[in-house]
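Novice: Build me a model from this:
(one chain, ligands or ions: 2)
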Amino acid sequence: MNRPLIDIKGVYHAYQTEDGPLPVLNGLDVSVPEGGFVAVVGPSGCGKSTLTRLIAGLMKPDAGEMWLHGERVTSPRSTVGMAFQNPVLLEWRSILKNVMLPLEIVPTKLTKSEQEERARRLLALVGLEGFEDKRPSELSGGMRQRASLCRALIHQPDVLILDEPFGALDAFTREDLWQTMHALKAEEPFTGVMITHDLRESIFLADQVVVLSGRPARTQYVMDVPTDGRRKLDDLYTPDAAERLNILRHQIEIAQGRSPVETEAA
Ligand SMILES: Nc1ncnc2c1ncn2[C@@H]1O[C@H](COP(=O)(O)OP(=O)(O)OP(=O)(O)O)[C@@H](O)[C@H]1O
Ligand SMILES: [Mg+2]
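Specialist: Ligands and ions are numbered 1, 2, ... in the order given. Have a look, this model is predicted:
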């Protein structure tokens with residue numbers, strides 16, 4: 001089957017509110033091949049987090065199709081890993097035990113010692129070797145987010161969903177985490193969807209950027225970001241990157257209703 005690993009077609013969804021139905025997604029198409037990494041950007045409140053809930057199977061769309069691995073998504077998926085802006089780590093567990101938490105919920109073939117070995121390996125990959133026995137409050141915000149990425153990947157999910165994962169971090173820490181993401185992907189290949197407000201982040205991390213329109217969101221614009229090998233921060237200061245950022249910024253203005261110019265082709 002040639003279907004992409006994530007295939008979202010013509011999704012429509014409305015929340016039922018006291019004031020009546022609130023259409024949030026209307027004509028959303030997103031498709032992510034196995035091993036692909038798609039960044040989703042769009043105006044605040046347009047429906048990005050709603051999209052992540054639909055992919056995770058936490059909600060059903062009112063209409064349209066959601067496919068994961070060739071199967072219709074109809075119920076919560078344990079094969080999804082998620083990380084959010086504010087990592088929720090359990091203070092009464094060590095960092096190592098926090099990372100291992102999903103393995104207590106999702107069935108695994110790994111023995112206890114293999115599970116621990118895997119958690120330690122992931123923590124070392126993100127630069128947290130030596131912090132395994134610390135409590136979450138003993139770590140900086142950036143370190144907690146690194147641990148939360150390890151936890152999202154520990155059960156080798158089919159799909160990694162990141163909802164503004166670096167939004168609460170300062171600019172330098174965020175750039176460190178971008179490089180960590182590339183290191184993680186090289187060692188632990190995953191298929192990912194990342195929501196972000198940061199256009200530089202989107203072109204540095206993703207191989208495709210999807211711009212959503214204002215609410216109700218539809219897929220307004222899609223930009224492929226080709227890469228030949230590992231990206232470097234310097235790549236963000238090239239004329240090619242400046243051109244891409246300019247196009248995306250313009251698309252966001254259109255999505256916000258701040259530009260009269262029609263959507264252009266990629
Ligand atoms: N459970 C809910 N019930 C009713 N309305 C909701 C619910 N969740 C979200 N909404 C509304 O749906 C719209 C989209 O919300 P969503 O959180 O998906 O937006 P978003 O694009 O992630 O926004 P942001 O960029 O600010 O994170 C908003 O207007 C929000 O008020
Ligand atoms: Mg959101």
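Novice: got a pLDDT number for whatever residue of the chain ends up closest to ligand 2?
Specialist: Residue of the chain nearest ligand 2, by Cβ to the ion: Ser49 (3.2 Å). C-beta coordinates here come from the backbone N, C-alpha and C atoms, glycine included. Note for Ser49: predicted pLDDT of 94.
Novice: Need the nearest residue in space to it, chain neighbours excluded.
Specialist: Closest residue to Ser49 apart from its sequence neighbours, by Cβ to Cβ, 6 or more residues apart in numbering: Asp163 at 5.6 Å.
Novice: Pairing partners for the one you found in the sheet, please.
Specialist: Following DSSP bridges, Asp163 is listed with bridge partners Phe84, Ile195.
Novice: so who does it touch?
Specialist: 48-49, 52, 82-85, 194-195 (Cβ atoms under 8 Å, 6 or more residues apart in numbering).
Novice: Was I right to think the residue of the chain closest to ligand 2 contacts Ile195?
Specialist: Yes. Shown here, Ser49 and Ile195 form a contact pair, counting by Cβ atoms under 8 Å, at 6.7 Å.
Novice: the strands in this structure, which residues?
Specialist: 6-17, 20-32, 37-41, 63-68, 71-72, 80-84, 159-163, 191-195, 208-212, 219-224 (DSSP state E).
Novice: The residue in the stretch 101-250 of the chain that ligand 1 sits nearest to - nearest residue in space that isn't next to it in sequence?
Specialist: Ranked by Cβ to the nearest ligand atom, the top residue of the stretch 101-250 of the chain for proximity to ligand 1 is Arg215, at 5.9 Å. Leaving aside its chain neighbours, Arg215 sits nearest to Cys46 (4.7 Å; criterion: Cβ to Cβ, 6+ apart).
Novice: show me where the protein has helices.
Specialist: For the chain, the helices defined by DSSP state H occupy 48-55, 95-100, 112-125, 141-153, 171-187, 199-205, 239-255.
Novice: and the closest residue to Leu110 other than its chain neighbours, how many neighbours does it have?
Specialist: Nearest residue to Leu110 in three dimensions, chain neighbours excluded: Arg118, at 6.6 Å (Cβ to Cβ, 6+ apart). Arg118 is flanked by 21 other residues according to other Cβ atoms under 10 Å.
Novice: tell me the pLDDT at Arg118?
Specialist: 96.
Novice: before we move on, the earlier item: output the strands of the chain in TSV; the columns should cover mean pLDDT and distance to ligand 1.
Specialist: Formatted as TSV, the strands of the chain follow (pLDDT from 0 to 100; distance: least, Cβ to the nearest ligand atom, whole Å):
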stretch	mean pLDDT	distance to ligand 1
strand 6-17	94	3
strand 20-32	94	4
strand 37-41	97	9
strand 63-68	91	15
strand 71-72	85	22
strand 80-84	87	10
strand 159-163	94	7
strand 191-195	95	7
strand 208-212	97	8
strand 219-224	96	13
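Novice: Just the pLDDT for Ala266.
Specialist: Looking at Ala266, its pLDDT reads 47.
Novice: Thr173 too?
Specialist: For Thr173, the model assigns a pLDDT of 91.
Novice: looking at it, Gln179 is touching Leu233, isn't it?
Specialist: Yes. Between Gln179 and Leu233 there is a contact under Cβ under 8 Å: 7.4 Å.
Novice: So those two - more neighbours on which side?
Specialist: Gln179 (16 against 12).
Novice: list the contacts for Lys9?
Specialist: Contacts of Lys9 (Cβ under 8 Å, 6+ apart): 29, 64-65, 67.
Novice: Show me what it bridges to in the sheet.
Specialist: Note on Lys9: beta-bridge partners by DSSP bridges are Glu65.
Novice: how far away is it from Asp29?
Specialist: Separation of Lys9 from Asp29 (Cβ to Cβ, to the nearest Å): 6 Å.
Novice: go on, Leu110?
Specialist: 37 Å.
Novice: same thing with Ile95?
Specialist: Ile95 is 39 Å from Asp29, where distance means Cβ to Cβ.
Novice: Comparing these two, which shows the higher neighbour count?
Specialist: Neighbour tally, Ile95 and Asp29, criterion other Cβ under 10 Å: the higher count belongs to Ile95, 25 against 15.
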